[in-house]
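turn this into a model:
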Amino acid sequence: MPGATNGHMKKSLGRWDSVAIVIAIVIGVGIFRTPSTVAELLASPALIIAAWTAGGVISALGALCYAELSSSMPRSGGTYVYLRKAYGALPAFLFGWSELLVIRTGSIAALAFIFGEYLSSFLGAGTGPVKIYAALCVVLLALVNMAGMKYGKGVQNIFVAAKIASLGAMLVLGFSSGAGDLAHFSGEGVPDRSLPAAFALALIPVLWTFGGWHENVYMAGETRKAPETLPFALMTGILSITVLYVAVNALYIYLFPAGEIARSGLIASRVFNIVSGRYGQKILEAVIVVSSAAAVNAMLMTGSRIMYAAGRDNSLFAFMNRMNFRTGVPLRALGVTSAWSLLLIFWGNFNRLLYFTGFVFWAFFAASAAGVIVLRKKYPQMERPYRVWGYPLTPLVFSAVSAILAAVTFVSRGTASLTGTVILVSGIPVYLLTGRSK
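Alright, predicted model coming up:
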């Protein structure tokens, strides 16, 4: 292919570009919706704040594991590369297979749908053009990224700056509005379940809202000084997001009692109405449009690098292992990821696929964290610029938490999880038929 290569990627991403990828994906629309679910489960303001803090701590443990993995194997593909090195070609292939068919593309489609719904509402266009707006979001952002890394990361940084600025303004205006009451923090609500059970269940939406903190590692091959940059971006991103999430939930509690938060699914809408009056709803819609677009852009960037990495090993994905000389972008991988996402948008039933992903998602996370221990045993002489703090307890704890969440997901959504497992296992005969590796 003219202008294409399997060679080295251009080192286009710096420290703050890498941080921006983390923030763009993590701070999506979840923080505007999941706090009501957490409040419903825990009832107590102190427990609510504790749950969001715990979510940050657990995510930080995972980030420490990924910091070691990414610094020792600074190649684009992230989790795919780590699974390949620790466990072999088949688990890595199944990860790429799941990402392409369900996890990555289904998430992109879901975020694009959110973009379409809120843009349609913002413009007063009704529900008719939602799918058109969603598709346009994917197509336009794919074209921006195909034009070159500098354009993709430039758009990303603008989106992230706007997102942080809007949340910062909400916090400042909310706390200075005088519309709240500090007495809300001393409420003594009691969970309906036992405290351990309620707290464990609350962590599921909390950790979902923290999801995506590891996405920058998929672009390690394009990151300058990756062994130092990636750990910095992982920890800086997690710390910043944890502080922001705890502050946003503190604002919700300041403005409303915990019981009222639990009963109000669209709690952020009420906050924006307080701080912005009759324009609050439109401002919130604009914020969610920007947030969802930023997440779609980042997931297109990182997802295409997974398929690019998978193309190195298996003939099924081999045609995607091409890098364009001029743009420094894996155009084929980006095109396939975008096209499959568009199919899910127009198919319209991808929400069911998203429920399938929970078990598979957490299972791969558990395997990746355990991979730190496996690789220490398997390759003791491997260069590790960063070594995980608290080894081996840190990877063991994060792997155990991920395995528990996988089990809880499987039990609570048995049919969906079983179907997701079938999709995962279906990759085994495909792997065997397409050639185990190149």
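
all helices of the stretch 301-438 of the chain, in order?
Secondary structure of the stretch 301-438 of the chain (DSSP state H, counting those that start in this stretch): helices at 331-347, 350-378, 393-412, 414-425, 427-433.

among these, which gets the worst mean confidence?
Out of those, helix 414-425 stands lowest, with a mean of 79 (criterion: mean pLDDT).

which positions in that helix come out as buried?
416, 417, 419, 420, 423, 424 (16 or more other CB atoms under 10 Å). Just so you know, the C-beta spots here come from the backbone N, C-alpha and C atoms, and that holds for glycine as well.

of these, which is the nearest to residue 364?
Checking the buried residues of helix 414-425 against residue 364 by CB to CB gives residue 424 as the nearest, at 9.4 Å.

output the helices of the stretch 301-438 of the chain as CSV; include the columns distance to residue 20.
Putting the helices of the stretch 301-438 of the chain into CSV (distance: least, CB to CB, whole Å) gives the following:
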stretch, distance to residue 20
helix 331-347, 19
helix 350-378, 23
helix 393-412, 24
helix 414-425, 31
helix 427-433, 32
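
between the ones you listed, which gets nearest to residue 260?
Residue 260 lies closest to helix 393-412 among those, at 26.7 Å (CB to CB).

quick one: the closest one to helix 414-425, angle?
120 degrees (axes from the mean of the first three to the mean of the last three CA atoms, to 10 degrees).

quick one, phi psi at the nearest residue to residue 388 once chain neighbours are set aside?
Counting by CB to CB, 6 or more residues apart in numbering, residue 68 is the residue found nearest to residue 388 once chain neighbours are left out, at 4.4 Å. Here is the backbone geometry of residue 68 (degrees, to the nearest 10): phi -70, psi -50.

residue 105 too?
Residue 105 adopts backbone torsions of phi -70, psi -30, taken as degrees, to the nearest 10.

can you check residue 325 too?
Per degrees, to the nearest 10, the backbone of residue 325 is at phi -60, psi -50.

residues near the nearest residue to residue 73 once chain neighbours are set aside, how many?
Spatial nearest neighbour of residue 73, excluding adjacent residues (CB to CB, 6+ apart): residue 81 at 5.3 Å. Residues lying near residue 81 (other CB atoms under 10 Å) number 26.

what does the host helix or strand of residue 81 contact?
Element membership of residue 81 [criterion: DSSP states H and E] is helix 79-87. Here helix 79-87 makes contact (CB atoms under 8 Å, 6 or more residues apart in numbering) with 69, 73, 75, 91-92, 95-96, 99, 214, 217-218, 220, 306, 309-310, 313, 364, 367-368, 370-371, 374-375, 378-379.

give the closest residue to residue 209 in space, chain neighbours not counted.
residue 30 (3.6 Å).

I figured the one you found was touching residue 208, is that so?
Yes. Counting by CB atoms under 8 Å, residue 30 touches residue 208, with 6.3 Å between them.

related to what we said a few turns ago, quick one, phi/psi of the residue nearest to residue 209?
phi -60, psi -40.

and residue 28, by the same measure?
According to degrees, to the nearest 10, residue 28 has phi -100, psi -120.

what about it, distance to residue 45?
Here residue 28 is placed at a distance of 25 Å from residue 45 (CB to CB, to the nearest Å).

now do the buried residues in stretch 116-130.
Across stretch 116-130, burial judged by 16+ other CB under 10 Å covers 116, 117, 118, 119, 120, 121, 122, 130.

typo on my end, stretch 324-340
Residues of stretch 324-340 classed as buried: 324, 327-334, 336-338, 340 (neighbour count, 16+ other CB under 10 Å).

just the strands in the stretch 1-150 of the chain please.
Listed from the start of the chain, the stretch 1-150 of the chain has strands (DSSP state E, counting those that start in this stretch) covering 4-5.

which residue ranges of it form helices?
For the stretch 1-150 of the chain, the helices defined by DSSP H, counting those that start in this stretch cover 15-26, 34-42, 45-72, 79-87, 89-98, 104-123, 130-146, 149-176.

quick one: list the elements packing against the first one.
Under the contact criterion of 3 or more CB pairs under 8 Å, 6 or more residues apart in numbering; DSSP states H and E, the helices and strands touching helix 15-26 comprise helix 149-176, helix 226-255, helix 280-310.
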